[in-house]
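> sharing a model prediction with you, sequence too.
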Protein chains: 2
Amino acid sequence: MEDFEVNGTQLNKRAAGKKTRAAGESGNLEKVEKKPSLDSSSLSERQREILKLIVQEFITTATPVSSETVVYKYRLPVSTATVRNEMVDLEREGYITHPHTSAGRVPSDVGYRYYVEHLMERSGGLSLVEKRTIQHQFYQIQLEMNEWLRLAASVTARTAQNAAVVSSLHNIESESRLKHVQLIEIQERLVLMVLVTQQGTIKEQMLSLEEPITQEELSIFSTRLNGQLHNVTWKQIETRLNDWPQDLSRYLASRVAETLRVLDQRHDAQIYRDGLSHILNQPEFSDIVRVRQVLEIIESGVALTTIIPEVIAAEDSGVQIIIGGENRYDDLRLLSVVLARYGIDGQTAGVVGIVGPTRMEYGRTISTVQYISELLTTLVNERRG
Amino acid sequence: MEDFEVNGTQLNKRAAGKKTRAAGESGNLEKVEKKPSLDSSSLSERQREILKLIVQEFITTATPVSSETVVYKYRLPVSTATVRNEMVDLEREGYITHPHTSAGRVPSDVGYRYYVEHLMERSGGLSLVEKRTIQHQFYQIQLEMNEWLRLAASVTARTAQNAAVVSSLHNIESESRLKHVQLIEIQERLVLMVLVTQQGTIKEQMLSLEEPITQEELSIFSTRLNGQLHNVTWKQIETRLNDWPQDLSRYLASRVAETLRVLDQRHDAQIYRDGLSHILNQPEFSDIVRVRQVLEIIESGVALTTIIPEVIAAEDSGVQIIIGGENRYDDLRLLSVVLARYGIDGQTAGVVGIVGPTRMEYGRTISTVQYISELLTTLVNERRG
DNA sequence: TTTTAGCACTCGTGAGGCTTGAGTGCTAAA
DNA sequence: TTTAGCACTCAAGCCTCACGAGTGCTAAAA
């Protein structure tokens, strides 16, 4: 019994493992015999397996993983001593650490990264039942966009059992062009202006007038404005405003311009958050100081508000993962963030994501975030056509 | 020097205090000499003063207050022993407790209640500068209603240094009546319907049609619908729907009815929260278990969602204070809630409030909540006319 | 050369005991 | 009725000790 299988992966003893892998890469036996020199951090098949087990075990139990656990729980046909030797290697390469001499091993950020990219089984996504449940929650009721997003945050948090963040939609094209304007009388001198842009954004704005006005008159103004301002940007309106007749329509046009401008210049996305309690129920946050840090980050921290625009601007439209801040965001040292974009390509985009301890179920989290972002994308498309 | 002053309040020694108070009430000296028998829990002037000092001291320091502190810090011209005697009385009456024999005194919920109702100096509200700052934050930018509320939560939290909750507006009149409907073409077969009710509520709804339609045609339908559906409720539309001509306008009318119905039947207020971290920075929440409880309550707890409708329905329109749950809400045992209503009387109302430890600065909190609710009320009035 | 058994070593954890100091409650005198 | 004085209680901090989990190293076996 030289070979064994764990989770369908063939494992050989150290030498054999190296040979196999190296053969597939270069065939140079000399190098292989000692150490893979080209890429000093490449791992043997067995090391990969052990790393995988350590990560998985640590994710579920939250306690440092001992060599014994690896061997007996997962029935590896090697001794604990062998596993310990491999662990020393893994530690030297930076994939794992241990908190103190007599403790088991804990994955490092690098270890998690390797796990996410090479070892994790992608299969374990959301079940069909779960997807159905989520869909139901979304299509049960009529909602405003902001309520959808709030709901999305809540559902995401519950599904991934972690804190969720959802950012509001954000226009990518910088110049809104007017498609239609409509004026509606609310009260004697109070008028609701509804703007629809070519991009499909809808914006309401309340206006108060000096003089009372009837709906009939307003309708006439609407028609006139629609004729004169079709397909223009706010800047174009402003330049035309100089030689505009000095009547009410001039005021209305200026308000149209202003509202379009606000629409274009608003860059601060709203962020909906939910499920903070999930994070704090994790054992790594039994320390009050950490709890406060995390709360600070999610409630008002700058890290998220820097990351979200980056994700929106990113070329890669797939799921983005930041593990333990990965030296870019010091505040996030203890947390991982999994983010996906939603919206209409090139027009409008938002972000849905999960924030949790680095020790999170990445597979499930990724699936969740991905699925919710797809759902939201459909939703946005339906709403805007 | 038999008399002394603290914060402008005249104090006499025990006997004298009782005489003074009792003389103003009944003049029956017999009763006064022993104990005020009519109301067994009425306090002597000196007891009130000591209670006040204990509450104030505990609010600022968060540590049990010893007799020594009361005497030396506030320069009472009595000995610590005397204060201790009074403390025993106060404790017997339920206004204070002490966590263990060798600890100082801590106000009970009853003690806080007495403090808020009889001892607290109401003067210490927000300064003019603070009010200005708050106003600035509100009037700086154009916002949607939901953004106002979110902002309100954030400002309230910051001002009161505690967690804030703001509920969205909620219609009190149950029957919305249509004032105006407008149809706007978004895309070939996608139509935006904007409803305005007599109550001043505005509601957007997207419709998708089987056949393409032009804006001109839509305008005609708008006019027709406005004529036919003026001032009706959703139920009235539904009854008329039976003998309605089988054309597009029938579909449109039914969608109007449906949208009005959704408007009327929506009773779940959205709640905006902010400033959780303020609570957790308080020393009484250095215990993880409590932190989790609090988080649970504020994030998803049922207590708040029961209290808010109560406040909306309450006859008293003033600030409502619930101290430590006061036996009604067990979850809130550790917290106090200060709430005020905002909105238009008899039409629409929401709630703004603060959630914090029972040991909070009630004076400041009350002022803050009151001021923000006034601001929001003005805002709502401006928006709706 | 790789694997393994065996053993010494490290270090966190929790229990038990001790001291300290804060603050009360009571008593007896003013 | 007030106060000085003192005994008593109890939490908190600190020390020590024993335990056990888990490692790292070595020397022998495969």
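Sure, I can see it. The shown structure was predicted, so the numbers you read here are calculated from the model rather than taken from an experiment.
> helices of the stretch 51-200 of chain A, start to end?
Listed in chain order, the helices of the stretch 51-200 of chain A (DSSP state H, counting those that start in this stretch) span A:67-73, A:80-92, A:109-114, A:128-139, A:145-160.
> which of those sits closest to DNA strand C?
Between DNA strand C and those, the shortest gap by C-beta to the nearest atom of the strand is with helix A:80-92, which sits at 3.5 Å. (Glycine included, C-beta is placed from N, CA and C.)
> helices or strands up against that closest one?
Using 3 or more C-beta pairs under 8 Å, 6 or more residues apart in numbering or on different chains; DSSP states H and E as the contact test, the elements touching helix A:80-92 are helix A:45-61, helix A:67-73, strand A:96-97.
> give me the contacts around the second one.
Applying C-beta atoms under 8 Å, 6 or more residues apart in numbering or on different chains, the set of residues contacting helix A:67-73 from outside is A:50, A:53-54, A:57, A:76, A:78-81, A:83-84, A:87, A:104.
> try it again at 7 Å.
Under the criterion C-beta atoms under 7 Å, 6 or more residues apart in numbering or on different chains, residues A:50, A:53-54, A:57, A:76, A:78, A:80, A:83-84, A:87, A:104 lie in contact with helix A:67-73.
> same check, this time on the last one
Identification of contacts with strand A:96-97 by C-beta under 7 Å, 6+ apart yields A:54, A:87, A:90-91, A:105-108, A:111.
> out of those residues, grab the one that's most surrounded.
Counting neighbours by other C-beta atoms under 10 Å in any protein chain shown, the top entry in these is residue A:105, with 29 neighbours.
> pretty sure that residue sits against residue A:65.
Yes: contact between residue A:105 and residue A:65 holds when scored by C-beta atoms under 7 Å: they sit 5.3 Å apart.
> which neighbours do these two have in common?
Among the neighbours of residue A:105, those also in contact with residue A:65 (C-beta under 7 Å, 6+ apart) are residue A:54.
> count of neighbours near residue A:264?
Other residues lying near residue A:264 total 18 when counted by other C-beta under 10 Å.
> check residue A:352 too.
Other residues within reach of residue A:352, judged by other C-beta under 10 Å, total 30.
> residue A:327 now?
Here the count is done by other C-beta under 10 Å, and residue A:327 has 8 residues near it.
> all helices in the stretch 201-350 of chain A, in order from the N-terminus.
Under the criterion DSSP H, counting those that start in this stretch, helices of the stretch 201-350 of chain A are mapped to A:215-228, A:234-240, A:248-265, A:276-280, A:288-300, A:302-313.
> quick check: angle from the first one to helix B:215-228?
Yep, that's helix A:215-228 we're talking about. Angle, helix A:215-228 to helix B:215-228, by axes from the mean of the first three to the mean of the last three C-alpha atoms, to 10 degrees: 170 degrees.
> buried ones in helix A:215-228?
Buried positions in helix A:215-228, judged by neighbour count with 16 or more other C-beta atoms under 10 Å in any protein chain shown: A:215, A:218-219, A:221-223, A:225, A:228.
> need the contact list for residue A:299.
Taking C-beta under 7 Å, 6+ apart as the definition, contacts of residue A:299 comprise B:276-277.
> for residue A:346, phi and psi?
phi 80, psi -10 (degrees, to the nearest 10).
> grab the nearest non-local neighbour of it.
With C-beta to C-beta, 6 or more residues apart in numbering or on different chains as the criterion, residue A:346 has its nearest non-adjacent residue at 6.1 Å, and that residue is residue A:172.
> how confident was the prediction at the one you found?
Each residue has a pLDDT score; the one for residue A:172 is 79.
> and the helix or strand in which residue A:376 is found, what other elements does it pack with?
Taking DSSP states H and E as the definition, residue A:376 sits inside helix A:362-384. Packing partners of helix A:362-384 (3 or more C-beta pairs under 7 Å, 6 or more residues apart in numbering or on different chains; DSSP states H and E): helix A:128-139, helix A:145-160, strand A:335-344, strand A:348-357.
> and that helix, how far out from the chain's middle?
A distance of 10 Å separates the centroid of the chain from that of helix A:362-384, by C-alpha atoms, centre = their mean, to the nearest Å.
> with just CA atoms, put that helix into PDB.
Below are the C-alpha coordinates for helix A:362-384, written out as PDB (Å, rounded to 0.1, in the frame of the first residue of the first chain):
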ATOM      1  CA  TYR A 362     -14.200  30.200   0.700                       C
ATOM      2  CA  GLY A 363     -15.900  27.800  -1.700                       C
ATOM      3  CA  ARG A 364     -19.400  28.500  -0.300                       C
ATOM      4  CA  THR A 365     -18.700  32.200   0.000                       C
ATOM      5  CA  ILE A 366     -17.600  32.500  -3.500                       C
ATOM      6  CA  SER A 367     -20.600  30.700  -4.900                       C
ATOM      7  CA  THR A 368     -22.900  32.800  -2.800                       C
ATOM      8  CA  VAL A 369     -21.500  36.100  -3.900                       C
ATOM      9  CA  GLN A 370     -21.400  35.000  -7.500                       C
ATOM     10  CA  TYR A 371     -25.000  33.800  -7.400                       C
ATOM     11  CA  ILE A 372     -26.300  36.900  -5.800                       C
ATOM     12  CA  SER A 373     -24.400  39.100  -8.200                       C
ATOM     13  CA  GLU A 374     -26.000  37.300 -11.100                       C
ATOM     14  CA  LEU A 375     -29.400  37.700  -9.600                       C
ATOM     15  CA  LEU A 376     -28.900  41.400  -9.000                       C
ATOM     16  CA  THR A 377     -27.700  41.700 -12.600                       C
ATOM     17  CA  THR A 378     -30.800  40.200 -13.900                       C
ATOM     18  CA  LEU A 379     -32.900  42.400 -11.600                       C
ATOM     19  CA  VAL A 380     -31.200  45.500 -12.900                       C
ATOM     20  CA  ASN A 381     -31.700  44.500 -16.400                       C
ATOM     21  CA  GLU A 382     -35.300  43.800 -15.900                       C
ATOM     22  CA  ARG A 383     -35.800  47.100 -14.200                       C
ATOM     23  CA  ARG A 384     -34.000  49.100 -16.800                       C
END
